[in-house]
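[1] Need a 3D model of the sequence below.
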Amino acid sequence: MLPEVESWWRRRTFSASDWPLGRLVEAKAGTSISVVLPARDERETVGEIVGVLLRELPDLVDEVVVIDSRSTDDTAVVAARAGAAVHAQDEILPALKPLDGKGEALWKSLAVTSGDLVAFVDSDIRNFQSSLVTGLLGPLLGHPDLAYVKGCYDRPLRGAPTGGGRVTELVARPLLNLHWPELAGFMQPLAGEYAGRRSALERVPFITGYGVELGLLIDLLSLAGLDALAQVDLGAREHSHQSTEALGAMASQIMLAAWSRLERESKIQAAHEPSTHLTQFRRTRTGHHTADRDVSISERPPILTVDGYRP
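    Below is the predicted model:
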């Protein structure tokens, strides 16, 4: 790491154990806090997560909001029964043409939440512990100069204590080290658990697909500077793992997200537009067949610029 990044890494890397609940409640004072769970077909886990948050953090978290992203199961019903406020993604800011992807749900959540601090948590986590949220909120409550906190954790895979996060190691980390070495100290740049001050989140665009986490990290670096960013060790995170084919599509969107930021920051002079189609191969009984995916990404502008936006 660059010397300045190593200095940041030592000063701005925290542990969830640094922030016991009583200390957070005391530091909260008049700060309002929202927890957002984007969810698509997560009926098996979303209810448990909502229940843990409401049961264990009633004095810290002011609202738990689930954004139902076109689920085909009863995710919305399960989340509502557990006590969450549930909103259908496409019914938020209905004057806008609906877009696809996780980033769309996160961006729209800013319009249906009220917290000064907003924590985002994936809804497919197994054996959920409330420390995943208290760990994220601790640095923001304890350090007023911080704008954004990313989670980092071990990711068990097939019984091994580590091994998850393949797209991080094969795509995201090399891209950041190549083009944004200031961000090389982030151990889980694609982590789905992060929190920020509304005043910062309102001022950056959100990529609507899988590139949302990479885009936020790069854009918040530009907006606030490295020292306004931090990370917190949340221990271990258990969740379902996607197929290699699905990871290929995710990696493609992350590469397109990086391309868009390289162009925006004038770090490259593009001689062509990148293709937004990904061809993959599947073996069947009759040989190999091709499968073509559209991996294009869209982007929402800073929500503060949208007419009618009111937290």
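
[2] rest of the way, CA atoms for contacts and neighbours
    Fine.

[3] Spatially nearest residue to Arg81 (excluding sequence neighbours)?
    Leaving aside its chain neighbours, Arg81 sits nearest to Gly47 (7.7 Å; criterion: C-alpha to C-alpha, 6 or more residues apart in numbering).

[4] so where do the helices sit in the stretch 201-311 of the chain?
    Here the stretch 201-311 of the chain has its helices, by DSSP state H, counting those that start in this stretch, at 212-224, 244-264.

[5] list the buried ones in the shortest one?
    Think helix 212-224. When burial is assessed from 16 or more other C-alpha atoms under 10 Å, helix 212-224 yields the following buried residues: 212-221.

[6] With stretch 135-149 instead?
    Under the neighbour-count criterion of 16+ other C-alpha under 10 Å, stretch 135-149 has 135-141, 146-149 buried.

[7] looking at this, the residue nearest to Arg81 is in a helix?
    Yes. With the criterion set as DSSP: H, G, I helix; E, B strand; the rest coil, the secondary structure at Gly47 is a helix.

[8] Isn't Asp59 up against Val25?
    Yes. Between Asp59 and Val25 there is a contact at 6.5 Å, judged by C-alpha atoms under 8 Å.

[9] If you count surrounding residues, which of these two has more?
    Neighbour count, other C-alpha atoms under 10 Å: between Asp59 and Val25, Val25 has more, with 18 against 14.

[10] shouldn't that one be in contact with Val61?
    No. Contact criterion C-alpha under 8 Å: Val25 and Val61 do not qualify, at 9.3 Å.

[11] what about the nearest residue to Thr276 once chain neighbours are set aside, how many neighbours?
    Nearest-residue entry for Thr276: Ser296, 4.8 Å, with adjacent residues in sequence omitted and distances by C-alpha to C-alpha, 6+ apart. Burial of Ser296 is recorded as 17 neighbouring residues (other C-alpha under 10 Å).

[12] Kindly report the same for Pro98.
    By other C-alpha under 10 Å, neighbour count at Pro98 equals 13.

[13] Please report how far it lies from Arg40.
    With distances defined as C-alpha to C-alpha, to the nearest Å, the gap from Pro98 to Arg40 amounts to 16 Å.

[14] For the residue nearest to Arg81, give me the pLDDT.
    Among the per-residue scores, Gly47 shows a pLDDT of 97.

[15] what do you get for Arg23?
    96.

[16] and it, that one's in a helix?
    Yes. Secondary structure assignment (three-state DSSP) places Arg23 inside a helix.

[17] which ones are touching Val118?
    Val118 is in contact with 33-36, 195-198, counting by C-alpha atoms under 8 Å, 6 or more residues apart in numbering.

[18] Next step: those residues restricted to strands.
    The strands in this structure, assigned by DSSP state E, contain 33-36, 195-197 from the contacts of Val118.

[19] What are the boundaries of the strands in the stretch 1-150 of the chain?
    In the stretch 1-150 of the chain, the strands defined using DSSP state E, counting those that start in this stretch lie at 13-15, 33-39, 63-68, 85-88, 117-120, 125-126, 148-154.

[20] thinking again about what came up before, lowest average confidence across the helices of the stretch 201-311 of the chain, which one?
    What stands lowest among the helices of the stretch 201-311 of the chain, in mean pLDDT terms, is helix 244-264, with a mean of 94.

[21] can you pull the pLDDT of the spatially most central residue of the chain?
    Note on the chain: the residue nearest the mean C-alpha position is Gly192, at 3.7 Å, using C-alpha atoms, centre = their mean. Looking at Gly192, its pLDDT stands at 93.

[22] Is it possible to get TSV of the buried residues of helix 212-224 that adds distance to Glu182?
    Converted to TSV, the buried residues of helix 212-224 look like this (distance: C-alpha to C-alpha, whole Å):
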residue	distance to Glu182
Val212	19
Glu213	16
Leu214	13
Gly215	14
Leu216	14
Leu217	11
Ile218	10
Asp219	13
Leu220	12
Leu221	9
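
[23] what's the closest of these to Leu234?
    Closest approach to Leu234 among the buried residues of helix 212-224 (C-alpha to C-alpha): Glu213, at 17.3 Å.

[24] can you tell me the helix or strand for the residue lying closest to the closest one once chain neighbours are set aside?
    Closest residue to Glu213 apart from its sequence neighbours, by C-alpha to C-alpha, 6+ apart: Leu190 at 5.4 Å. Counting by DSSP states H and E, there is no helix or strand that carries Leu190.
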